[in-house]
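J.: show me the folded form of this:
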Amino acid sequence: YVKDLVVAVGTLWLLSRLGTVSIRPRPLGKLSTVLQLGVVMATLVAPDLGRWRAGLPRVLLPALWWGVTGVAVASCVDYVVQGIRTYRASRP
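T.: Residues are numbered from 1 along each chain as shown. Coordinates of the predicted model:
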């Protein structure tokens, strides 16, 4: 959720400086969202997964959490880089 906060604050900052901002979805941002939803679903079905295969939630959930964290950080960096490029491109 920090990624979303950084994107929102960056967008507001660019909007205050440039007057207009165009934000396009990025592949890493989309992957981050999919993984976040996967974590939510895996958390909800974890008790059933544990009955299906003992110990699976203890392996799956931390792996998903770390995956979400890594992709969210990469996505945040990607959006910041895009914001910097947008700002630099608008300056004379």
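
J.: flag the shaky bits of the chain, pLDDT-wise.
T.: The model of the chain has pLDDT under 70 over residues 1, 92.

J.: walking through this structure, point out its helices one by one.
T.: 2-18, 27-52, 56-90 (DSSP state H).

J.: would you turn the ones you listed into TSV with mean neighbour count?
T.: Yep, even glycine has a C-beta here, placed from its N, CA and C like the rest. What follows is the helices of the chain, written out as TSV (neighbours: other C-beta atoms under 10 Å):
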stretch	mean neighbour count
helix 2-18	14
helix 27-52	14
helix 56-90	15
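
J.: so how far is V59 from L31?
T.: Distance of L31 to V59, computed by C-beta to C-beta, to the nearest Å: 21 Å.

J.: now V81
T.: On the measure of C-beta to C-beta, V81 and V59 end up 33 Å apart.

J.: okay but V68 is in contact with T33, surely?
T.: No - in this structure, V68 is not within contact of T33 by C-beta atoms under 8 Å, at 9.8 Å.
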